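S.K.: quick one: sequence and predicted model below, then my questions.
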Amino acid sequence: MSMQLQGGNVGAAGATAGKRRMSLGSPFLYVTFFSSTVVLLFIVMPLFQMVSQPSLASLGETIRDPEVLSSIWLSVYTAVIAALIAFTVGTPLAYLLARHDFFGKKLIESIIDLPIMIPHPVVGIAILSLLGRGHPLGQMMAKIGLRVMGSVTGIIVVLTFVGLPFYLNAAKAGFESVPQRLENVSRSLGAGRAATFFRVTFPLSWRHMLGGVIMCAARAVSEFGAVVIVAYHPMIAPVLMYERFTAYGLKYSQPVGVWLILVCLTLFMLLRLVSLPSKVER
Amino acid sequence: MIELDDLTVKLPGFAVQNVSLRVAPGEFFALLGPTGSGKTVILESIAGLVHVTGGRIRLAARDITRYPPERRRIGIVYQDYALFPHLTVMENICYGLRYFDLDMQQARQRIDHLVDMLGLQAIVHRRPLHLSGGEKQRACLARALSINPSVLLLDEPLSALDPNFREDIRRVLKQLHGELGITFMMVTHDFSEALYLADRVGVIRNGRMEQVGSTEDVFLRPANPFVAEFVGMKNLFAAEVSDRKVAFGGLNCPMLGPVSCDQGILALRPEDIVLQHEDSFGGEYVRFSGVIEQIVPAGLWHEISVRCRDACFKTVMDRKTLMAQRYNEGDAVFLGFRTESVRVF
């Protein structure tokens, strides 16, 4: 086809158009298309299977079960609290890392990512060994009435630990996306460091920060391995699912999973909606 | 007004070293230098935005070296505008008022005047994103001037603009400086901008000040080959000097008086060179015969390279003259220049 085109008095444009049409049939595109499909199916199919299998009746029955309700509620609010803690204590560090170069910065950045790498049960054991009864710090906390083992406090500590990197990295990226020159100009116009942060940096990066809070909460909701070691009771939803799975089998754990997914999706979608840029700003 | 004493700023892999400078009140000073020479660092240290390692910065005889930027009341305008994208033009302009003005009435009047003077009425309620470069730079100027600064710092204010806006903003800068009477300090790598705007210039290279002087002085009497090249003396030749004669590239150039030289370099401005088909130069001209090697159109001008023995001269000619006198590549021509226009280093 392209040979014919070139044979006639069609110029360079005709020849390139012919080449582009030829490239539609290249193996590269087939491979790309094929692997994309495989990846998407791999993610969607198990989830779809789980969501579609329980009957409506069993779903209704499950949500009326007070044990399920309280575990989902516990899961959601401990994750939210963990995300808020990450937001409060993490923001200054994220800003520091985004704005300043100093000796040992790479090391600090690696330390921040540690909770992502460490196997989850190890996290649980590490936290228990520091804050449990065997350690002076744990004994001190016990004296002022803060118990970590088997308590909501313990769950929140664990969830904050595993969620923090996600918030820190998102907020840092957000701050980095604000040109330093904007802050410079703000300072030259009389605004101090704090005023500059609240009038320039924050308005331009809060979407990243909210995204980080969502990521952190999402990570926290999904934590199982560390929580099950620190606090089997009170039961968060993943632990309850695990218990029902081991005690009664697949069929009884599925509905709990479906409800947890539904509740989380709704929450995250609401937050995403809030963070959509308005028309005025576009 | 602005005094720098031995200003030293050490950055990773780069340093501004022992820069001393005085800028008089109401002066338009231009800091010139190639990219990476440290001129923006000097500007930002005056604004208090980089950590000064050594030396002093004084503003109106007050030592401000360790002042935070928000207490200096120095306006700054960046090349890339740096308008706050989440605020309207008016909100941008009024950003700093609350920190300096107790009398809002007065501040309003000043802002209205600035908006008027810079022709911003039509866009004050828009956000910066879709403004043209010229509009953005006008908004930046209004914002920097809103706090009634004693000094306005300009970091390559014309570089990011399209040529047609560039001329416009250049005129605006000149007009603002004339009307407000405040000190302007501009950083640029373009000598022609400085020539048009500045009263005095400082040329900087690798973090060191090479020459400071009136614009004309630096233009006509550069202190060294680097400055000479920077201000447009494109003809630089390695030369040997003997009493009243300079020898370069197989040519001899007689000088008016005895010359001293320590680097052995002869410099000549392209526009000081005149071409002729026949040798009809007056007695005050030094003339050489040569061949036109190349004619390259460069904007409004044509750049002509003429080879005389081992020396290749660059000169410029406007289109009209070039056409009228029919110069072509390969032509044998006579090239002449006045002895006064030669600089020897």
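M.R.: All right, it came through fine.
S.K.: and the strand or helix carrying B:Ile292, which strands flank it?
M.R.: Assigned by DSSP states H and E, B:Ile292 belongs to strand B:285-298. Strand pairing for strand B:285-298, using DSSP bridges, gives strand B:301-308 (antiparallel), strand B:332-338 (antiparallel).
S.K.: get me the contact residues on the stretch 1-150 of chain A for chain B.
M.R.: Residues of the stretch 1-150 of chain A lying near chain B by Cβ under 8 Å from any Cβ of the partner chain: A:Asp101. Where C-beta positions appear, they are placed from N, C-alpha and C, glycine not excepted.
S.K.: need phi/psi at the residue in the stretch 1-150 of chain A positioned nearest to chain B.
M.R.: Residue nearest to chain B within the stretch 1-150 of chain A (Cβ to the nearest Cβ): A:Asp101, separated by 7.8 Å. Per-residue torsions, A:Asp101: phi -100, psi 130 (degrees, to the nearest 10).
S.K.: who touches it in this structure?
M.R.: The contact partners of A:Asp101, by Cβ atoms under 8 Å, 6 or more residues apart in numbering or on different chains, come to B:Pro12.
S.K.: re the thing from before, make a markdown table out of the strands paired with strand B:285-298 and add mean pLDDT and mean neighbour count.
M.R.: Formatted as a markdown table, the strands paired with strand B:285-298 follow (pLDDT from 0 to 100; neighbours: other Cβ atoms under 10 Å in any protein chain shown):
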| stretch | mean pLDDT | mean neighbour count |
| --- | --- | --- |
| strand B:301-308 | 92 | 19 |
| strand B:332-338 | 92 | 19 |
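S.K.: now do the longest helix along chain A: distance to the chain's middle.
M.R.: Taking DSSP state H as the criterion, chain A has its longest helix at helix A:66-99. Mean-position distance between helix A:66-99 and its chain equals 11 Å (Cα atoms, centre = their mean, to the nearest Å).
S.K.: any buried residues in the strand holding B:Ile292, and which?
M.R.: For strand B:285-298, the neighbour count (16 or more other Cβ atoms under 10 Å in any protein chain shown) marks B:285-288, B:290, B:292, B:295 as buried.
S.K.: out of these, who's nearest B:Gln121?
M.R.: Checking those against B:Gln121 by Cβ to Cβ gives B:Ile295 as the nearest, at 48.3 Å.
S.K.: any idea how far that closest one is from B:Asp310?
M.R.: Per Cβ to Cβ, to the nearest Å, B:Ile295 is found 21 Å from B:Asp310.
S.K.: so which residues of the stretch 151-300 of chain B form helices?
M.R.: B:163-180, B:191-197, B:215-220, B:225-230 (DSSP state H, counting those that start in this stretch).
S.K.: could you dump the ones you listed into CSV and include mean neighbour count?
M.R.: Converted to CSV, the helices of the stretch 151-300 of chain B look like this (neighbours: other Cβ atoms under 10 Å in any protein chain shown):
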stretch, mean neighbour count
helix B:163-180, 16
helix B:191-197, 19
helix B:215-220, 18
helix B:225-230, 20
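S.K.: go through the ones you listed and name the closest to A:Gln139.
M.R.: Closest approach to A:Gln139 among the helices of the stretch 151-300 of chain B (Cβ to Cβ): helix B:163-180, 69.0 Å.
S.K.: next, count neighbours for A:Ile261.
M.R.: 15 (other Cβ atoms under 10 Å in any protein chain shown).
S.K.: and the closest residue to B:Leu322 other than its chain neighbours, what does it touch?
M.R.: Spatial nearest neighbour of B:Leu322, excluding adjacent residues (Cβ to Cβ, 6 or more residues apart in numbering or on different chains): B:His302 at 5.3 Å. Residues in contact with B:His302 (Cβ under 8 Å, 6+ apart) are B:295-296, B:316-319, B:322.
S.K.: mind giving me the packing neighbours of the lowest-mean-pLDDT helix or strand in chain B?
M.R.: Lowest by mean pLDDT, DSSP states H and E among the helices and strands of chain B is strand B:240-242, with a mean of 83. Using 3 or more Cβ pairs under 8 Å, 6 or more residues apart in numbering or on different chains; DSSP states H and E as the contact test, the elements touching strand B:240-242 are strand B:245-248.
S.K.: which residues are contacting the strand it packs on?
M.R.: B:237-241, B:252-255, B:259, B:261, B:266, B:311, B:342, B:344.
S.K.: convert the C-alpha atoms of stretch A:225-245 to CSV, please.
M.R.: Backbone C-alpha positions of stretch A:225-245 (Å, rounded to 0.1, in the frame of the first residue of the first chain) are rendered in CSV as follows:
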residue,chain,number,x,y,z
GLY,A,225,-1.0,-8.1,59.9
ALA,A,226,0.2,-5.6,62.4
VAL,A,227,-3.1,-5.0,64.0
VAL,A,228,-3.8,-8.6,64.6
ILE,A,229,-0.7,-8.9,66.7
VAL,A,230,-1.2,-5.7,68.7
ALA,A,231,-5.0,-5.9,69.1
TYR,A,232,-7.0,-8.9,68.2
HIS,A,233,-9.7,-7.4,70.3
PRO,A,234,-11.4,-4.9,69.8
MET,A,235,-11.9,-6.3,66.3
ILE,A,236,-11.4,-4.2,63.3
ALA,A,237,-13.2,-5.4,60.2
PRO,A,238,-10.2,-7.2,58.6
VAL,A,239,-9.6,-9.1,61.8
LEU,A,240,-13.3,-10.0,62.0
MET,A,241,-13.2,-11.2,58.4
TYR,A,242,-10.2,-13.3,59.2
GLU,A,243,-11.9,-14.8,62.2
ARG,A,244,-15.1,-15.6,60.3
PHE,A,245,-13.0,-17.1,57.5
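S.K.: show me what from chain B comes close to chain A.
M.R.: Counting by Cβ under 8 Å from any Cβ, chain B sits next to chain A at B:12, B:44, B:47-49, B:68-70, B:72-76, B:78, B:80, B:82, B:84-86, B:95-96, B:98-100, B:127, B:143-144, B:146-147.
S.K.: from B:Gln79, how far off is the nearest residue to A:Arg199 once chain neighbours are set aside?
M.R.: Distances taken as Cβ to Cβ, 6+ apart place A:Ala191 nearest to A:Arg199, at 6.2 Å, with adjacent residues excluded. A:Ala191 sits 22 Å away from B:Gln79, going by Cβ to Cβ.
S.K.: got it, and B:Gly299?
M.R.: Taken as Cβ to Cβ, the span from B:Gly299 to B:Gln79 is 22 Å.
S.K.: re the thing from before, any chance of the buried residues of strand B:285-298 in CSV, plus pLDDT?
M.R.: Putting these into CSV (pLDDT from 0 to 100) gives the following:
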residue, pLDDT
B:Tyr285, 89
B:Val286, 89
B:Arg287, 89
B:Phe288, 92
B:Gly290, 92
B:Ile292, 93
B:Ile295, 92
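S.K.: does B:Val60 touch B:Ser150 like I think?
M.R.: Heads up, residue B:60 is Ala, not Val. Yes - contact criterion Cβ atoms under 8 Å: B:Ala60 and B:Ser150 qualify, at 6.6 Å.
S.K.: compare those two (neighbour count), which wins?
M.R.: Taking other Cβ under 10 Å, B:Ala60 and B:Ser150 do not tie; B:Ser150 has more neighbours (16 against 12).
S.K.: fine by me, thanks again.
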